[in-house]
Every structure is written in C-alpha cells, then in structure tokens.
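> I would like to see how this sequence folds:
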Amino acid sequence: MKKGIILLLMISVASFCVFSGCSKEQASGKIISVATDATWPPMEYVDENKKIVGFDIDLLNAAAKEGGFTVEFKNTAWDGIFAGLGAGKYDAVCSSVTITDDRKKTMDFSVPYVSIGQTIVVKKETTGMEELSKFEGKKVGAQIGTTGAIEIAKNKNITLKTYDEIGLAIEDLAKGRIEAVVCDNPIAANYALLNPKYKALLKIVGEPFTTEEYGIAVKKGNKEVLDMVNAGLAKVKEKGIDKELEKKWLR
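Alright, predicted model coming up:
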C-alpha cells in the first residue's frame with residue numbers, strides 16, 4: 001500500500017514540475033545570483049520601497065530576459081564584494097565595476113557596457129580647484145576600494161579619506177569635513193546636480209580625468225555564467241535597450 005502511495009506521489013510531483021516548472025533552473029533558464037553594493041545612485045541603490053533599483057539593475061535584468069536566465073540580486077557591502085565572488089557566495093558582481101588589469105588577474109569580466117570617468121565634486125563656493133593636483137595638502141574622499149580612491153592615492157601629498165559608502169563621503173563634503181570627493185561621473189551628477197539635499201551645496205569641477213569601462217565580474221574561469229551574461233548583453237545592445245536605459249537613468 002505504501003509503495004502505491006509513494007508511486008502516486010512521485011507521478012504527481014513529476015507532472016507538476018513538467019507543467020509548472022519546479023527545478024532549480026526553472027522554465028526561464030538558469031538562476032544566477034548577483035552581488036551589488038546598492039549605495040551608488042543612479043547605478044544601483046535602494047529606493048523608498050526598499051527595492052534595489054538603478055541603471056545596472058535594469059540593464060542586467062534586461063540581459064537576463066534576452067538571454068533566457070534569471071537574476072537574483074544580493075545587496076552586498078563593497079568592502080569584501082570581490083572576496084565573496086572568489087569564495088563562490090554568488091555568481092557575479094554587477095555594481096559599477098571598472099574593468100582594470102589588476103582585477104582581471106582574479107576575476108573575469110563581461111564585455112564593457114558603459115564608459116565613465118572619475119570626476120571631482122566640491123562645495124559651491126570652491127574656486128580654482130579643477131584638477132586633482134590642486135588638492136595637495138588637503139583631504140579628499142572616495143569610497144574604499146574604488147578607482148576614485150586609487151586615483152587619489154597616486155598623489156602622496158593628498159590625504160585620502162575612504163568611506164564604506166559614497167553617500168557618507170558626500171555628506172562629509174557638504175559639512176566641510178573634507179575638501180572634495182572623487183567618484184564616477186554618473187554618481188557625481190546624481191549627487192551634485194539632481195539630489196535635492198546637495199544640489200544647492202555642491203558642484204562638479206573640471207572634466208572627467210580618467211577613461212574607464214564598467215563590466216560585470218564573474219569568478220575566474222566561470223565560462224558558463226560569463227557566456228550567458230555576454231549573450232544577453234549582446235542582444236540588449238542589438239535592440240538598443242541599453243540606450244533607452246541610459247536615457248532613463250544617466251541623462
């Protein structure tokens with residue numbers, strides 16, 4: 001009797017899976033977990049509804065839709081985000097990650113999906129400070145482990161102050177605790193030009209002084225995930241979806 005019940009249950013479960021999809025990969029394809037440090041508007045941040053949103057989020061979701069896979073985002077602190085990738089805590093990192101030669105040594109990158117540059121943000125009353133070299137002998141802030149922090153650190157005469165989140169650096173700048181903040185130009189524009197709290201207090205000076213490209217990072221050697229992401233991004237670019245998202249988030 002028990003064998004008959006077990007067989008009936010197995011048939012029922014199998015039928016349910018065929019028609020509704022209950023495997024790990026589901027009907028839409030493989031699920032990949034993606035870490036993002038959601039403190040970097042307009043690229044990735046948590047909105048008033050506690051939802052992770054932004055350009056990167058929309059872009060990767062669009063790539064997933066086009067590529068036949070599903071994305072699960074994990075809000076992860078930047079300090080340690082790459083260590084988590086190497087340890088296999090998630091499959092990828094999509095978080096305004098600049099592709100650099102040093103990072104390529106320990107992780108693989110998707111095709112580039114947007115170009116940016118480092119930009120200087122100062123208080124509105126600041127004058128004559130349009131180059132990073134002008135801040136020698138002064139304190140300049142950046143988020144820890146970012147290319148902005150790396151650029152500041154190249155000048156030993158500038159005091160680098162690092163922060164776990166870029167918003168904390170911007171707040172210190174607004175309160176006069178540091179003289180400038182260096183960050184990616186979309187983030188600088190978001191805080192200095194659009195944010196109601198800061199746009200009357202801060203401004204961007206000079207032109208972006210680096211040329212960088214964002215890519216989605218995957219664990220070194222994880223060709224399966226890398227190929228899926230690249231295929232999805234290729235379709236997004238082919239259909240012009242990336243340009244639509246740039247208009248929505250970056251202009």
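
> All the helices of the protein, residue numbers only.
Using DSSP state H, the helices of the chain run over 2-20, 55-67, 81-86, 101-104, 147-153, 166-174, 185-189, 223-238, 241-249.

> Next, the contact list for T210, please.
Counting by CB atoms under 8 Å, 6 or more residues apart in numbering, T210 makes contact with G117, Q118, T147, E151. Quick note: C-beta positions are derived from backbone N, CA and C, even for glycine.

> Check L168 too.
Taking CB under 8 Å, 6+ apart, we find L168 in contact with no residue.

> Quick check: the most centrally placed residue in the chain vs A35, distance?
Among the residues of the chain, S95 comes closest to the average C-alpha position under CA atoms, centre = their mean, at 1.4 Å. To A35, S95 is 7 Å away according to CB to CB, to the nearest Å.

> Show me whatever sits in contact with both of those two.
Common contacts of S95 and A35, defined by CB under 8 Å, 6+ apart, comprise T76, I81.

> pLDDT below threshold where in the protein?
Where the chain drops to pLDDT under 70, the residues are 1-28.

> Walk me through the domains of it.
Listed by automatic domain parsing, the domain ranges of the chain are 20-115+213-249, 118-210.

> what's D37 in contact with, if anything?
Residues near D37 by CB under 8 Å, 6+ apart: E44, N75, T76, A77, W78, I81, S95.

> I52 too?
The contact partners of I52, by CB under 8 Å, 6+ apart, come to T36, A38, E44, Y45, V46, F73, N75.

> Give me the neighbour count for L173.
Each residue near L173 was counted by other CB atoms under 10 Å, and the total is 25.

> er, K243 I mean
Applying other CB under 10 Å, we find 11 residues neighbouring K243.

> who wins for neighbours among the contacts of D37?
Neighbour tally across the contacts of D37 (other CB under 10 Å): the maximum, 26 neighbours, falls on S95.
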